[in-house]
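Colleague: Okay, sequence plus prediction incoming.
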Amino acid sequence: MGIPAVTIGIPVYNEEKYIAQTLLSAVGQTYQDIRILVSDNASTDSTFEIIQDIANQYSNIKAIRQPHNIGATANFEYVMQLADTEYFCWLGGHDILEKEYIQKTLNIYESTESLALVYPESQTINEEGSLLPHYLNSRIDTSALNMVIGPIKLLKNLGACTAIHGLFRTKQIQQYKIKEIVGADGAVLYFISLMGKIKSVEEILYFRREVRKENPVQIMKRYNEYGLKNRSVSNPYKEMIAEHIDITLHAPISSMRKAFLFLIGIPLLIARIYYYNYVKK
């Protein structure tokens, strides 16, 4: 029996400053059977030329240039749906993987059944690559919980969605269609929590680069430019809640689990959104 193949999907747009470092961290993995899929979203700088130069040196890199900008969400969806390996992960166009990222996350899968996502600790770095004094980590390990309580923990605790850069089972994650909404990454993680358990690796293996510093007003302005801001002025997170409801309704789970999530889980999500976006700030 051969070792399972892994696809690293890199959706990218105007990352000429960082894309070489990102790609080299992917090809530099200690694990052997890795395929790297890069989708350039019609960058207006030299990003694609840099990608092509590196792809010419490594046969496991497939570089694709979109004919026009299809939007960030669609580009993330594109690399995920194109993967044809057993496992898949997203790598941000300016982020860096520790060289044993794939091997160590895959080891967890090989030793534990019923997992749908394995994610490592994440460390924030600045534009120069220096470590910043804070972490962006998801506290959503559900491996010790049953499949009823696990998603509740995620809905209660999810803050930073860095677990989105964990390792998924490809066939499971491909069942979800990513929506163009605020908090789309949180919806992805909620969906996968219904498909199986989530396990964290207590080690920093992913470096997430902080390339912009924004206050809440600037964040919402950027969301609006991306077409992600909710149509409702009174509650910009209404679509996020609606998507979680839709996921729950159509998930391949029992009616009893769905009822429990509507009774306990969705109210926790609403409370968390209210706290972080209206009380805390």
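Modeller: Done, it's in.

Colleague: Determine the longest strand present in the chain.
Modeller: Longest strand of the chain, by residue count under DSSP state E: strand 197-209.

Colleague: Residue 121 contacts residue 166, doesn't it?
Modeller: No - Residue 121 is beyond contact range of residue 166, at 10.6 Å (criterion: Cβ atoms under 8 Å). All C-beta spots, glycine's among them, are computed from the backbone N, C-alpha and C.

Colleague: Which one's more surrounded, the two?
Modeller: A direct count of neighbours by other Cβ atoms under 10 Å for residue 121 and residue 166 places residue 166 higher, at 26 against 17.

Colleague: list the buried ones in stretch 251-264?
Modeller: Neighbour-count burial for stretch 251-264 flags 251, 253, 257-258, 260-261 (criterion: 16 or more other Cβ atoms under 10 Å).

Colleague: nearest to residue 91, of these?
Modeller: Closest to residue 91 out of the buried residues of stretch 251-264 is residue 251 (27.0 Å), distances taken as Cβ to Cβ.

Colleague: For that closest one, what are phi and psi?
Modeller: Per-residue torsions, residue 251: phi -70, psi 150 (degrees, to the nearest 10).

Colleague: Report the angle between the strand or helix carrying residue 189 and strand 197-209.
Modeller: Residue 189 is part of helix 184-195 when elements are defined by DSSP states H and E. Angle, helix 184-195 to strand 197-209, by axes from the mean of the first three to the mean of the last three Cα atoms, to 10 degrees: 160 degrees.

Colleague: and helix 184-195, what does it pack onto?
Modeller: strand 115-125, helix 150-157, helix 170-173, helix 238-250 (3 or more Cβ pairs under 8 Å, 6 or more residues apart in numbering; DSSP states H and E).

Colleague: Compare these and report which one is nearest to residue 81.
Modeller: helix 170-173 (9.4 Å).

Colleague: what comes into contact with the closest one?
Modeller: Residues from elsewhere that reach helix 170-173, judged by Cβ atoms under 8 Å, 6 or more residues apart in numbering: 7, 80, 83-88, 116, 188, 192, 195-196.

Colleague: I'd like the residues you listed laid out as CSV, including pLDDT.
Modeller: Output for the contacts of helix 170-173, formatted as CSV (pLDDT from 0 to 100):
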residue, pLDDT
7, 98
80, 98
83, 98
84, 97
85, 98
86, 97
87, 98
88, 98
116, 97
188, 97
192, 98
195, 97
196, 96
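
Colleague: What's the PyMOL syntax to select whichever of those are buried?
Modeller: The PyMOL selection below is limited to those of those classed as buried (16+ other Cβ under 10 Å):
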select buried, resi 7+80+83+86+87+88+116+188+192+195+196
